[in-house]
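K.L.:
Curious how this folds, go ahead:
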Amino acid sequence: MTPRTSAAATSGDTSSPAALRFGILGPLDVAAGGESLALGGPKQRELLAVLLLHLNQFVPPGRLAEALWGAAPPAGAEVTLRTHVSHLRRRLAEAGASGALATRRSGYGLLADPAQLDAARFEQLVGLGREALGLGDAPRAATLLRQALDLWRGPVLEDLHAPLFAEAETARLDELRLVATESRIEADLALGRHAEAVPELERLVDVHPFRERLTGQLMLALYRTGRQVDALDVAARARRRLADELGLDPGPALAGLETSILRHDPALLPAPRLVAPTGTPAPRVQPPPDALFTVVRRVPMAGRGAELAHLRSLWHDVRDGGRRVALVSGEGGVGKTRLVAEFAHEAAADAHVLVGRCDPAAMLPYHPIASAFRASAEVDACLDLAPPALRARLTPLLSRPADTTPGPDDRHALFEAATWVLTHLAGTAPVALVVEEAERLDRASSLLLRHLVEHLPARVLLVVCFRDPPGGHHPPLLDLIAATEGLADRLTLGPLTETELAELVTAVAGDVPAGFVPRLWRATGGNPFYAAEVARDRRTREDWQRGQVPAGVRDVVRHRLRSLPEPAQHVVRCAAVLGPEAGYELLAHLADQPEEQLIDALVAAVAAGFLVEAGRSWQVAYAFPHDLLRDAVHADLPVPRRQRLHLRAAQLLRDRPAETASAAVHLRAAGPAADPLDAAELSLAAAGDAQRMYAWDEAIAHAEAAVAILDQAGAPAPTRADAAVRTAILRLRASTGFPEAVRLLEHALELYRGNDEAVATVHARLGGALCTHHSIMDIPRALDHFAAARRVLPDGRAGFHLHRGRAQAAMYGLRTATLGAAADQARELAARLGRRDLTVLASWAAAWFRFNRGELAAAAAIEEDMWARVQDLGDPYVGWGPVNMAALTATEYLLDPVAGRRWCRRGLSQARFDTLGYPHDAVADQLVLALALAGDLDAARRAAGPLPADAVSRRLLLLLDGDWEAAEHAWSQARAADEAAGDRHDAAFHARWLATTRTLLGDTGGAVTALRQALDLAVAGPQVPTELIARAELARLLAATDPGEAARHLARCDEILAGGEDWRGRAGTVALARAAVTGDDTAYQTALRLFAGLPWHRADALRAWAAALDTTGRRAEAGEKLAAARRIHDEIGAHPRWRH
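P.N.:
Below is the predicted model of the structure:
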């Protein structure tokens, strides 16, 4: 049953039974004011039931008689039927619904708002609930789905004893009820209600043993309540039952879940339960020592009282159960570390303090979090309680022995595992996680920290410290800062005042001569690190006393370093080569000194403040107190000596599998001292390791370094080309630096000359790249590359992707003939290969081909076939293309947002679809379009919140929210970008919306220009739907100024409509154009009828009708239409600008 909207409901006819409520989800019921009405005898009740099953539709008398008396109604049945109709009409009229039961030539119909029928309300709530679930809003989903299920009072039409006329509808509603129950349980599981769900799921699985989703939910609930054996037993029983009774194997989702349970996949873990803060103080937690913080606290902190108070306030909130983020910034040496060290010292008395630092030399992904976790005994203890698979996920971070072999790399699971650790720690004591030197943050660590910010557990404070400059220009840090917008407190440290600097100098050096502090303050700009470095050194102070100011801190460091014995100087320089932190064993090998001499040298270096002990007792390491100090030592090394040390470090590290990245960096830093081919090979190996860790920036940096080395070394052309292609693929997969990816592929194309197959492969990759992202989209060039590849590449899988790529380029380029030919070739190859997933990809192109030709029914049939295949495959990535296309064509081209929303719900409800970033955003974008066009602005804005700034729906919301000037600018820019890229499909789409915006702004000429551009593209394509829309809008705009051209456009629209396709709401656009051209009231009425469920278009039609009436002197009628339009705008909460 799909209740239609009644004419009464849409016209505001008060004869609609507004006070009545109809119920079929249980015994048949009609209630007014909460009281059930007497409905008469069985036949009268059955008559009402049939009409409710066809709400707002007219049922022929013959069908009603058959429903009431069976296939062979008695003589005079239709006369008796009229009597029952009369009695039922009288009873409804007595209840205040005199016009509810209507008679037409086509039969009898019950007219009511669908919201008055419990089954319709049930379907609406289920749709909203599943939509919320797909968007990740589990609390809202659970509430809506419970409301839906609460509408059921028993079996459908229980008192009528399962009548045959309701058999199909009963089966459909029962299935939807089960789907709603599954979705509600999924929401409950997302909210951590696992134990509560188990008994209900056990009962449901017994009743529905072949319902794999229920079986999977039971397995998951059991696993999350610590019953892994029981969960696997459920899987085994399901497998046996399917095999014995149906001869089938479990579907991919259930089989994959069983595998995940067997290997304790962290992705299955629930959000851990927190220990709620109580009035009883938590037991003291011994903080992990942080050597650098200990050292910097030896220098008194001058100033910074306000900043320290701010951190204390945040910490107070965190201790009370809050979650906070603090960003501490300032120039190098300004005192960020000193401030945070003071705070950490205070917090450590009864908290977990984790400190991590970025490692700019080793290019190790996730290093700040990894170093923070490694240094914490509490993290060790926490992980000992974790499932083995979670420990395996964190092995790359922690270098711990894994109890199980890690499964396939899963960045999301790694991030969830890190969140799990913080949440469990916070369950025992508040957590302060400090990340230092974030101006050198790598992309992978930025993504992990952004995930932690978005999912920060209660009782956790994240403090991110960074030098600025250069932090304000470092993209990974900027991305992290953007993610904290509105969530973080900013603390920007400036230089010390002269008075504060004097306090610092006195604390460091004691009494100093008059005039020393002012000169020092001017020379250092009030930077406490520079000042302390000058003041702590005797020789420098003596120079200061003679009025001599060193050129910079590098001079200060050089002075101090030369005061050390030569072995200690050598050790400090070796430590600087190894990076911010150096393990004792590696440092010993690099320094190559006798053990006693090495120990003495380290003691001297530590005593002089160059190094501090770090690491754990069983893994001793040494670090510099400040990165400026390490940089100064490293830069002061003579280049040949520095390169030899880097070469030696690379040789020491390359045999350690976990140190490939560090070895590659050292080998590259060795310059001409290293074998360039060896450096390139090691860099590519490091790129592979980083890719497997989803550390895309590091992978790209290593790979691009290899490309540069090979080019400079004049390596063989195939070797250079292979590296270039590999690097380009990394960039494309990482969705970053698309222009550079194209440049690398073009470079490889030149290097491969003479190798026809390799050249053809690169042509295909270039073609695919050039129709992937707007920053590089160039459809004509893409098609040229595909044509070049087509001449060489054989059939098979490579050939399939070539033709599928051609089809995608042709779709965007609006080259419909090419699109059809490529789609046919891709489908043929997919069938030959026996690949159902490839068939879906090829069918996407075939559906667009049919749609562009105006063959709407054929395109819709392909869409449904694709969806059926996707359901069998259980692959959400394969499913998003059909969903996105079907939603776009329904909502935007056919003006059927209900169908568009239904397709979005299909896509969003796919298992694991939320793990796919761009596809999920694309479908959510389509959902926002459907919600907005249907007038549900609040829901549209809510769904648009997480979408990227360039989402199409954001431009539409600008328009609907009354910012027409900004919308005009946005649509203009989008169209221009599309035209430059040869993306004619999107250019035509954006031109149509640009015309709408210009019309609202009173720029009719500009609107006509934009529509003519869209029309030219559509006719050349061809793309019949766009042609229909553009011609109808042109006819309407030109009706007054150029009636001849308007009539010609309208005539072509009629030719298209005469094809017999279902143009749905878009036929209303043509009707409104006809009204503008002819001035016929009937055409306006037709447009209003076709615009049912489209409030923006109904209001537009009413305003146009009002204007037409006004010009003919029918001002009273015009006022009524204008008032009706304003009521619609009021109902949907439109911006006041729309009312005027």
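K.L.:
helix/strand/coil for Ala582?
P.N.:
strand (DSSP: H, G, I helix; E, B strand; the rest coil).
K.L.:
in the stretch 551-700 of the chain, which spans are strands?
P.N.:
581-583, 612-616, 619-623 (DSSP state E, counting those that start in this stretch).
K.L.:
export the ones you listed to TSV and tack on mean neighbour count and distance to Ala1125?
P.N.:
For every residue, glycine as well, the C-beta is placed using N, CA and C. Listed next are the strands of the stretch 551-700 of the chain as TSV, based on neighbours: other Cβ atoms under 10 Å; distance: least, Cβ to Cβ, whole Å:
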stretch	mean neighbour count	distance to Ala1125
strand 581-583	22	69
strand 612-616	18	72
strand 619-623	18	71
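K.L.:
Next, Ser563: phi, psi?
P.N.:
Phi and psi for Ser563, reported as degrees, to the nearest 10, are phi -80, psi -10.
K.L.:
That one - how many residues pack around it?
P.N.:
14 (other Cβ atoms under 10 Å).
K.L.:
How about it, nearest residue that isn't a chain neighbour?
P.N.:
Ala608 (7.3 Å; Cβ to Cβ, 6 or more residues apart in numbering).
K.L.:
residues in contact with the one you found?
P.N.:
By Cβ atoms under 8 Å, 6 or more residues apart in numbering, the contact list for Ala608 reads 560, 563-564, 568.
K.L.:
and it, how far is that from Val572?
P.N.:
Distance, Ala608 to Val572, by Cβ to Cβ, to the nearest Å: 8 Å.
K.L.:
Residues that sit against both of the two, list them.
P.N.:
The contact lists of Ala608 and Val572 share Leu564, where a contact means Cβ under 8 Å, 6+ apart.
K.L.:
re the thing from before, any chance of JSON lines for the strands of the stretch 551-700 of the chain, columns distance to Glu855 and mean pLDDT?
P.N.:
Output for those, formatted as JSON lines (distance: least, Cβ to Cβ, whole Å; pLDDT from 0 to 100):
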{"stretch": "strand 581-583", "distance to Glu855": "66", "mean pLDDT": "85"}
{"stretch": "strand 612-616", "distance to Glu855": "69", "mean pLDDT": "68"}
{"stretch": "strand 619-623", "distance to Glu855": "69", "mean pLDDT": "78"}
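K.L.:
can you tell me which of those strands comes nearest to Leu520?
P.N.:
When the strands of the stretch 551-700 of the chain are compared by Cβ to Cβ, strand 612-616 sits nearest Leu520, at 25.2 Å.
K.L.:
For my notes, confirm Leu895 occurs in a helix.
P.N.:
No. Assigned with three-state DSSP, Leu895 falls outside any helix and is coil.
K.L.:
if I read this right, Leu491 contacts Ala309, doesn't it?
P.N.:
No. Applying Cβ atoms under 8 Å as the test, Leu491 and Ala309 come out as separate, 10.6 Å apart.
K.L.:
more neighbours, these two?
P.N.:
Leu491 (22 against 9).
K.L.:
Tell me the bridge partners for that one.
P.N.:
Beta bridges link Leu491 to Val328, judged by DSSP bridges.
K.L.:
quick one: contacts for it?
P.N.:
307, 310-311, 326-329, 339.
K.L.:
now do 7 Å
P.N.:
Counting by Cβ atoms under 7 Å, 6 or more residues apart in numbering, Leu491 touches 307, 310, 326-328.
K.L.:
got it, and Gly935?
P.N.:
Counted by Cβ under 7 Å, 6+ apart, Gly935 has contacts 1095-1096, 1132.
K.L.:
need those residues in a markdown table with pLDDT and neighbour count, can you?
P.N.:
Converted to a markdown table, these look like this (pLDDT from 0 to 100; neighbours: other Cβ atoms under 10 Å):
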| residue | pLDDT | neighbour count |
| --- | --- | --- |
| Pro1095 | 96 | 20 |
| Trp1096 | 97 | 19 |
| Ile1132 | 93 | 18 |
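K.L.:
Any chance of CSV for the strands of the stretch 551-700 of the chain, columns distance to His589?
P.N.:
CSV is the format used below for those (distance: least, Cβ to Cβ, whole Å):
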stretch, distance to His589
strand 581-583, 10
strand 612-616, 16
strand 619-623, 14
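K.L.:
Pass me the low-pLDDT residue ranges in the stretch 901-1050 of the chain, would you?
P.N.:
912, 915-917 (pLDDT under 70).
K.L.:
any idea how far the residue lying closest to Ile862 once chain neighbours are set aside is from Arg804?
P.N.:
Spatially, and ignoring its direct neighbours in sequence, Ile862 is nearest to Ala847 (4.0 Å; Cβ to Cβ, 6+ apart). Ala847 is 13 Å from Arg804, where distance means Cβ to Cβ.
K.L.:
Pick out whichever of these two has more residues nearby.
P.N.:
Ala847 (26 against 23).
K.L.:
which residues touch Arg1126?
P.N.:
Arg1126 makes contacts with Arg1139, as judged by Cβ under 7 Å, 6+ apart.
K.L.:
same check, this time on Ala141
P.N.:
129, 132-133, 183, 187.
K.L.:
Which members of the residues you listed define the maximum pairwise distance?
P.N.:
It's Ala132 and Ser183 that sit farthest apart of the contacts of Ala141, by Cβ to Cβ, at 9.6 Å.
K.L.:
on that earlier part again, hang on, the residue nearest to Ile862 in a strand?
P.N.:
No. Judged by three-state DSSP, Ala847 forms no part of a strand; its state is helix.
K.L.:
Which pLDDT value belongs to the residue nearest to Ser563?
P.N.:
If you check Ala608, the pLDDT there is 78.
K.L.:
measure it to Leu222 for me?
P.N.:
61 Å.
K.L.:
got it, and Leu783?
P.N.:
Leu783 is 54 Å from Leu222, by Cβ to Cβ.
K.L.:
more crowded one of the two?
P.N.:
Ranked by neighbour count (other Cβ under 10 Å), Leu783 and Leu222 place Leu222 first, with 25 against 22.
K.L.:
Now the helix or strand hosting Phe786: buried residues?
P.N.:
Using DSSP states H and E, Phe786 maps to helix 779-790. Across helix 779-790, burial judged by 16 or more other Cβ atoms under 10 Å covers 779, 781-786, 788-790.
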